[in-house]
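# here is the input, now give the coordinates:
(chains A and B)
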Amino acid sequence: GAVVSQHPSRVICKSGTSVKIECRSLDFQATTMFWYRQFPKQSLMLMATSNEGSKATYEQGVEKDKFLINHASLTLSTLTVTSAHPEDSSFYICSAGLGTGAYTIYFGEGSWLTVV
Amino acid sequence: GDSVTQMEGPVTLSEEAFLTINCTYTATGYPSLFWYVQYPGEGLQLLLKATKADDKGSNKGFEATYRKETTSFHLEKGSVQVSDSAVYFCALISASGGSYIPTFGRGTSLIVHP
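Residues are numbered from 1 along each chain as shown, chains lettered A, B, ... in the order given. From the prediction side, this is the model:
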C-alpha cells in the first residue's frame, strides 16, 4: 500500500522558536497533501490543503503566517510552526492523496509537538 | 456541504463480542467511503474502503457495506479482540471541481476488555 512518512515523530521546542515537520510520500507522487491537528481524545481538524507548486489553502481560523506550509515537490510537504507557544502543543498529522483507481488518502504516523 | 456522522463512544465490549459502529453521511454526487483506525499515539491507518453503492469493503475481519439508499457505511466485526481497541473514523471523499475533498466523522473509541 501507499506509504506516507512524517518526521520528526516527537519534538520539544522552546516557546518563541520555530519547528518544521516534514511529510513525505515514499512510494507515490502526491499533488495534494492535507495537514491536520488533533487534540487529545478529539477528532481531526483540517488545517490546510497543500498543493504542489502553489500556495496552500487554509481553513477558516488557521493562521497562515503562523503555520507555514510548503509543498515544494510531489513527494514532500512541510509544516513550519513559527514563534511557537505552549498552546500550539498538539498532535499534527499529514496525509497524501493517491488517485490510482478510487482517490484514497493515506496518513503519516503523526508528530507530537510540545512547546515548553 | 458534505458531512459524516458517527455514533458517539466509547463503545465498550468484551472480547469475542460482535461490533457495530454506525456511520451515516450526506454528500452530493457519489463519494467513496472509508474507515480508518487510529491506535493510541499513532496516525490513522486505512482499514477498508468502498467506492460505489453495494460495494463491501473488508479487512482484518472488519467489513462495511456502502448503502446508498440509507446513506450508511456501518462498520462490523463478528468477534472483536483486545487488540482492536482503538479509535475508528468514518470518512468520505467526494470530487468537486477537479479536487478531492475528504470529510471525516468525529471518531468512535472502541474499548475491548479481556
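# does the lowest-mean-pLDDT helix or strand in chain B reach chain A?
When the helices and strands of chain B are scored by mean pLDDT, DSSP states H and E, strand B:99-104 comes last with a mean of 86. Yes: applying Cβ under 8 Å from any Cβ of the partner chain, one finds strand B:99-104 in contact with chain A at B:Ser99, B:Tyr100, B:Pro102, B:Phe104. (Glycine included, C-beta is placed from N, CA and C.)
# the longest strand in chain B is where?
The residue-count maximum for a strand in chain B (DSSP state E) belongs to strand B:86-96.
# contact partners for the nearest residue to A:Lys20 once chain neighbours are set aside?
Excluding the flanking residues, the one nearest A:Lys20 by Cβ to Cβ, 6 or more residues apart in numbering or on different chains is A:Thr80, at 4.6 Å. Counting by Cβ atoms under 8 Å, 6 or more residues apart in numbering or on different chains, A:Thr80 makes contact with A:Ser18, A:Val19, A:Lys20, A:Ile21, A:Phe67, A:Leu68, A:Ile69, A:Asn70.
# hang on, the earlier thing: just the angle between the least confident helix or strand of chain B and strand B:86-96, please?
Computed by axes from the mean of the first three to the mean of the last three Cα atoms, to 10 degrees, the angle separating strand B:99-104 from strand B:86-96 equals 150 degrees.
# near B:Leu92, how many other residues are there?
As a burial measure, B:Leu92 scores 22 neighbours (other Cβ atoms under 10 Å in any protein chain shown).
# pretty sure it contacts B:Trp35?
No: between B:Leu92 and B:Trp35 there is no contact under Cβ atoms under 8 Å: 10.8 Å.
# so what's A:Pro8 up against?
Contacts of A:Pro8 (Cβ under 8 Å, 6+ apart): A:Ile21, A:Ser111.
# coming back round to it: now the contacts of A:Thr80: which count as buried?
Buried subset of the contacts of A:Thr80 (neighbour count, 16 or more other Cβ atoms under 10 Å in any protein chain shown): A:Val19, A:Ile21, A:Phe67, A:Leu68, A:Ile69.
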